[in-house]
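Chemist: After the sequence you'll find the predicted model.
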Amino acid sequence: QQQVKQSPQSLIVQKGGISIINCAYENTAFDYFPWYQQFPGKGPALLIAIRPDVSEKKEGRFTISFNKSAKQFSLHIMDSQPGDSATYFCAASLSGGSNYKLTFGKGTLLTVNP
Amino acid sequence: EAGVVQSPRYKIIEKKQPVAFWCNPISGHNTLYWYRQNLGQGPELLIRYENEEAVDDSQLPKDRFSAERLKGVDSTLKIQPAELGDSAVYLCASSLPQGTQYFGPGTRLTVL
């Protein structure tokens, strides 16, 4: 049973455009939602994260939008650059205690054309 | 500050052979994780350590996989015997308690 569903599987955007990646989760007890960025041959690196007490978080060109009632969250990359070309993973977890572990989506391969 | 170190970076073995992966976490990080990442998929947790104690190994296939974290620092993940389906990238991550997880570059295992 896949607890975090991510779409699209791949995305091609022109330089300067907006990249949008969506995720949906099933477990309403999840309370931590990070996005990870992974370049080929590297491990995933935390990009930005949000908790369900806010509906939006922005860090530079990266914004997470969170809809608790719909159990959905999305990553928006403004002014996309070729250097943003990577695989992006959404994740969710139950923070605290022995339940703290990340459940990842299947990833989105983003290509930003120059 | 050095990140999570893993070795080897690549390993090719024949099925039924044993294999081991090593991880050195970020200094001071008590929590250590091993993940498996299949091609085109997100990482899946295999085991989580708090210091030297395995606090979550529910996803570890215990018939062939084993892990240890002696002295609560470095960790080793072993597969014996390896099967074709074990081909994947094995990622190690570390964190402060309930903190951000920092991933190593992974070990890409190919089982022939």
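Modeler: On my side now, so go ahead.

Chemist: Now do the SS call for A:G83.
Modeler: What DSSP: H, G, I helix; E, B strand; the rest coil gives for A:G83 is helix.

Chemist: Let me see the contact set for the closest residue to it other than its chain neighbours.
Modeler: Ranked by C-beta to C-beta, 6 or more residues apart in numbering or on different chains and with sequence neighbours excluded, the top spatial neighbour of A:G83 is A:V112, at 7.8 Å. Yep, even glycine has a C-beta here, placed from its N, CA and C like the rest. A:V112 sits next to A:I12, A:V13, A:Q14, A:K15, A:G17, A:S19, A:S80, A:Q81, A:P82, A:G83, A:D84, A:S85 when contact means C-beta atoms under 8 Å, 6 or more residues apart in numbering or on different chains.

Chemist: Might you calculate how far the host helix or strand of the second one sits from the centre of the chain?
Modeler: Same thing as A:V13. Counting by DSSP states H and E, the element that carries A:V13 is strand A:10-14. Distance of strand A:10-14 from the chain centroid (C-alpha atoms, centre = their mean, to the nearest Å) equals 15 Å.

Chemist: coming back round to it: of the contacts of A:V112, just the buried ones, ChimeraX syntax please.
Modeler: To isolate in ChimeraX the members of those that are buried, counting by 16 or more other C-beta atoms under 10 Å in any protein chain shown, one can use:
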select /A:13,19,80,84,85
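
Chemist: Which pair of the contacts of A:V112 spans the longest distance?
Modeler: Distance extremes for the contacts of A:V112: the farthest pair is A:I12 and A:G83 at 15.3 Å, using C-beta to C-beta.

Chemist: Now look at the worst-scoring helix or strand of chain A on mean pLDDT and say if it contacts chain B.
Modeler: For chain A, scoring each helix and strand by mean pLDDT, DSSP states H and E identifies strand A:102-104 as the least confident one, at a mean of 91. Yes - Strand A:102-104 reaches chain B (C-beta under 8 Å from any C-beta of the partner chain) through A:L102, A:F104.

Chemist: Neighbouring strands of that strand in the sheet, and parallel or not?
Modeler: strand A:86-93 (antiparallel) (DSSP bridges).

Chemist: For the partner strand, what does the pLDDT average out to?
Modeler: Over the span of strand A:86-93, the pLDDT mean works out to 95.
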